[in-house]
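K.L.:
From the sequence below, what's the structure:
(one chain, ligands or ions: 1)
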Amino acid sequence: MRTQNMTRRSLLASGSAAAAMLLAACGSARNQEQAAPEADEAQKVEAAPTEDASQAEAAPQQSAQGKILVAYYSRAGENYGNGGTEWLEVGHTKVMAGYITEALGADEYEIVPAQAYPEGYDACCDQAKQEQADDARPAIANPLPDVSGYDVVLIGCPIWWGDEPMIIRTFIEGVDLSGKTVVPFTTHGGSGLGSVPSNLQAAIPGASFLDGLAVAGTSVDGAQDEVVSWAKGLALA
Ligand SMILES: Cc1cc2nc3c(=O)[nH]c(=O)nc-3n(C[C@H](O)[C@H](O)[C@H](O)COP(=O)(O)O)c2cc1C
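P.N.:
As a prediction, the model looks like this:
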């Protein structure tokens, strides 16, 4: 389809990282039977949807092994992999976040957009690009977590056009992460961590950072051991 080709060509033109994504993209759709296990419901930071993330804050829950929060954005729906489109019932980053949450006994907070991103891959690419151009701060539907009780916050997202989705900016500007240890993680189609570590460091003054982990989205189903090993090896104390 022409629009798909245009969008993928545009991604390709945006840099070698995106080119790598297009060339390296491979994998299969994750259907409901294959969906990775969700983290323990009891560990999740529960919060009722609101129209404005600034309206309320969810109460923190202390994790079993320390005060660690895994916050992430992930998008289900149409994605691009293996040279074609695939349909994800569960987003790649959500799967990775689940591995980390379980490994660390952490609490989990999923960033839910007030306006869902398009399920269609090309439409999402267009919107993501526009949001970057506009330096947008897309609203978050669910109340932000009260991060005051956490020492460590892992922030996960897909790579979009080399960077984090702009809704990650909404999140990090909505909570006070100064004095915390922040650890990025991403899933991607070839860009690795992209500009996420440097962007987060610039946007979160007063935090200390540990090296992040990037997993190719299409490999995430087989990456649990790698992710768990990385998470457990983090110098969090
Ligand atoms: C709008 C959009 C832009 C993307 N841009 C890139 C990119 O620049 N580099 C890259 O490696 N992957 C890119 N990807 C691929 C995603 O990073 C990858 O599929 C990721 O695993 C998706 O995670 P999710 O399922 O948690 O949303 C892009 C995907 C979308 C939807």
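K.L.:
Skipping adjacent residues, who's closest to the residue in the chain positioned nearest to the ligand in space?
P.N.:
Closest contact between the chain and the ligand, by CB to the nearest ligand atom, is at G217 (2.2 Å). Where C-beta positions appear, they are placed from N, C-alpha and C, glycine not excepted. Once flanking residues are discounted, G217 sits nearest to H92: 3.6 Å by CB to CB, 6 or more residues apart in numbering.
K.L.:
I'd say N199 and W160 touch.
P.N.:
No - under the criterion of CB atoms under 8 Å, N199 makes no contact with W160, lying 11.7 Å away.
K.L.:
near the ligand, which residues of the protein?
P.N.:
11, 17-18, 21, 74-75, 79, 88, 91-94, 121, 124-125, 128, 158-162, 187-191, 217 (CB under 6 Å from any ligand atom).
K.L.:
one step back: which one's more surrounded, N199 and W160?
P.N.:
A direct count of neighbours by other CB atoms under 10 Å for N199 and W160 places W160 higher, at 27 against 18.
K.L.:
For the closest residue to the more buried one other than its chain neighbours, give me its contacts.
P.N.:
Sequence neighbours aside, A128 is the residue nearest to W160 in space, at 4.4 Å (criterion: CB to CB, 6+ apart). Neighbour list for A128: 117, 160-161, 165-166 [criterion: CB atoms under 8 Å, 6 or more residues apart in numbering].
K.L.:
With E173 instead?
P.N.:
137, 203.
K.L.:
10 Å instead, please
P.N.:
Listed by CB atoms under 10 Å, 6 or more residues apart in numbering, the contact partners of E173 are 137, 203-204.
K.L.:
for these, which one is nearest Y150?
P.N.:
Among the contacts of E173, I204 lies closest to Y150 (CB to CB), at 13.4 Å.
K.L.:
In this structure the closest one contacts E164, no?
P.N.:
No - judged on CB atoms under 10 Å, I204 makes no contact with E164 at a distance of 11.9 Å.
K.L.:
Same drill for the two, tell me which one is more crowded.
P.N.:
E164 (28 against 20).
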